[in-house]
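missing the sequence, but the structure's below:
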Ligand code: NAD
């Protein structure tokens, strides 16, 4: 009791007295937040967990997945095997660690979901409803759930796609993300759930392998360039898509989650943009590092998915509401990919 009085009254009072900004007081009050990351062994989770542990402390970020994670995740803090379809195990972990925030990353991605329609729909929808329900009943203070540019479809304006526009997705992944956005907004409006979301474009990183998305070529191309000086692209010439380098995606995620609630005006999901390019433009940039690099094309079923997505994104709402800014352009991320991947392969 004495501790509580001390925390609630004395510390804030002293903070004001010594002239600390309200932001610092907030950090103090939030320092006991415990974060659960679900789907932490994937492309985003591998990097996000490390960043969240820097912010909240290693032991306050619980990583979880149906499979083991990379050593940097397994060895730097708690890790639990969790199948998000198992609601009682989820509840058990939330109680065990006194979790206050959930980052829900588990999903079937665009290309894989087209091959496993029912699993894609079930996993992408039920995982979200399990987590939203926990927050609705007061167990969780804040949720992060990523959406995707896959919410747009062939009837959406493709250039500089606005935040609010026609959305008729024609993939199971896009349909699940669009339905998810509607549920997030509904739970916020109806039950005051603090859920936040970003429509990620295609993400490119060197730390973890991509998990079966339509934009994965933009990661594979670097590995094949280093190994074989050549790549056969499953997306065709001229397929321009919105993309983002992973450090920017992690920054966007953390900035949105740390923004004051009143700044988060969109509770479906925010458009965010980095760069847009097609395979040939990426190859031209790669040739600045490897002049003899060869790119050939063999489009497959993923071409139809890519054709239904925008070429570029208008993210002015994210920039205005919570100060989003990307750092990496095509040249900067290509350089960084080569530096890090070459180191990785040399090890
Ligand atoms: P990923 O496929 O690399 O990782 C997903 C993780 O979820 C995997 O480690 C997988 O083992 C785990 N998982 C699968 N089924 C599970 C279950 N039943 N219970 C618990 N975990 C389970 O995906 P990612 O690229 O890290 O994407 C994370 C989120 O971001 C997804 O919601 C995805 O739709 C979204 N997103 C990603 C991209 C991208 O380019 N990577 C773009 C747009 C949106």
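Thanks, I have it. Quick caveat, the model's predicted, so the values are computed rather than measured.

pull the contacting residues for the residue in the stretch 201-347 of the chain that the ligand sits nearest to.
Here the residue of the stretch 201-347 of the chain nearest the ligand is residue 211; by CB to the nearest ligand atom that distance is 2.1 Å. In short, each C-beta sits where N, CA and C put it, glycine included. Going by CB atoms under 8 Å, 6 or more residues apart in numbering, residue 211 touches 42, 43, 109, 112.

closest one of these to the ligand?
The nearest member of the contacts of residue 211 to the ligand, counting by CB to the nearest ligand atom, is residue 42 at 1.8 Å.

what's the distance between the closest one and residue 139?
Using CB to CB, to the nearest Å, residue 42 is found at 24 Å from residue 139.

how about residue 50?
26 Å.

okay, those two: which has more neighbours?
Neighbours were counted for residue 50 and for residue 139 using other CB atoms under 10 Å; residue 50 has more, 19 against 16.

quick one: pLDDT of residue 347?
Per-residue pLDDT puts residue 347 at 86.

same deal with residue 20?
If you check residue 20, the pLDDT there is 40.

show me what contacts residue 328?
Counted by CB under 8 Å, 6+ apart, residue 328 has contacts 244, 245, 247, 248, 274, 275, 336.

and it, what element?
Assigned by DSSP states H and E, residue 328 belongs to no helix or strand.

show me which residues of this structure sit near the ligand.
Counting by CB under 6 Å from any ligand atom, the chain comes close to the ligand at 38-39, 41-45, 65-67, 82-85, 105-107, 109, 123, 146, 148, 200, 202-203, 210-213, 215.

PyMOL command for the buried members of those?
Remark: buried members of the residues of the chain next to the ligand, expressed as a PyMOL selection using 16 or more other CB atoms under 10 Å:
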select buried, resi 38+39+41+42+43+44+45+65+82+84+105+106+107+109+123+146+148+200+202+203+210+211+212+213+215
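
so which of the residues of the chain next to the ligand sit within helices?
Using DSSP state H, the subset of those located in helices is 43, 44, 45, 123.

quick one: which of these is nearest residue 318?
Distance to residue 318 across those (CB to CB) is lowest for residue 44, with 17.4 Å.

check what pLDDT the residue lying closest to that closest one once chain neighbours are set aside gets.
Of all residues not flanking residue 44 in the chain, residue 105 sits nearest, at 5.6 Å (CB to CB, 6 or more residues apart in numbering). pLDDT for residue 105: 98.

surely residue 105 meets residue 41?
No - Residue 105 is not in contact with residue 41 according to CB atoms under 8 Å; the separation is 9.2 Å.

so where's this protein uncertain?
Low-confidence segments of the chain (pLDDT under 70): 1-31.

how about 90 then?
Within the chain, the ranges that satisfy pLDDT under 90 run 1-32, 139, 347.

go ahead and flag the most central residue of it.
The residue lying closest to the centre of the chain (CA atoms, centre = their mean) is residue 146, at 5.2 Å.

strands along this protein, start to end?
For the chain, the strands defined by DSSP state E cover 35-38, 61-65, 79-81, 101-104, 142-144, 147-148, 195-196, 198-200, 202-204, 230-233, 241-245, 270-271, 275-277, 294-297.

distance to residue 326 added to those strands, as TSV?
Listed next are the strands of the chain as TSV, based on distance: least, CB to CB, whole Å:
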stretch	distance to residue 326
strand 35-38	23
strand 61-65	25
strand 79-81	30
strand 101-104	20
strand 142-144	19
strand 147-148	17
strand 195-196	18
strand 198-200	12
strand 202-204	12
strand 230-233	24
strand 241-245	7
strand 270-271	12
strand 275-277	8
strand 294-297	25
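
residue 264: which of these is closest?
It's strand 195-196; of the strands of the chain, that one is closest to residue 264 (CB to CB) at 5.6 Å.

hmm, who's touching that closest one?
Applying CB under 8 Å, 6+ apart, the contact partners of strand 195-196 are 132, 135, 142-145, 184, 187-188, 256-257, 259, 264, 267.

among the residues you listed, which two are most distant?
The farthest-apart pair in the contacts of strand 195-196, when distances are taken by CB to CB, is 132 and 259, at 19.8 Å.

of these two, who's got more company?
It is residue 132, of residue 132 and residue 259, that has more neighbours when counted by other CB under 10 Å, with 24 against 16.

measure the closest residue to that one other than its chain neighbours to the ligand for me?
In space, and not counting its chain neighbours, residue 132 is closest to residue 187: 4.7 Å by CB to CB, 6+ apart. Counting by CB to the nearest ligand atom, to the nearest Å, the separation of residue 187 from the ligand is 17 Å.

residue 187 touches residue 193, doesn't it?
Yes - contact criterion CB under 8 Å: residue 187 and residue 193 qualify, at 4.1 Å.
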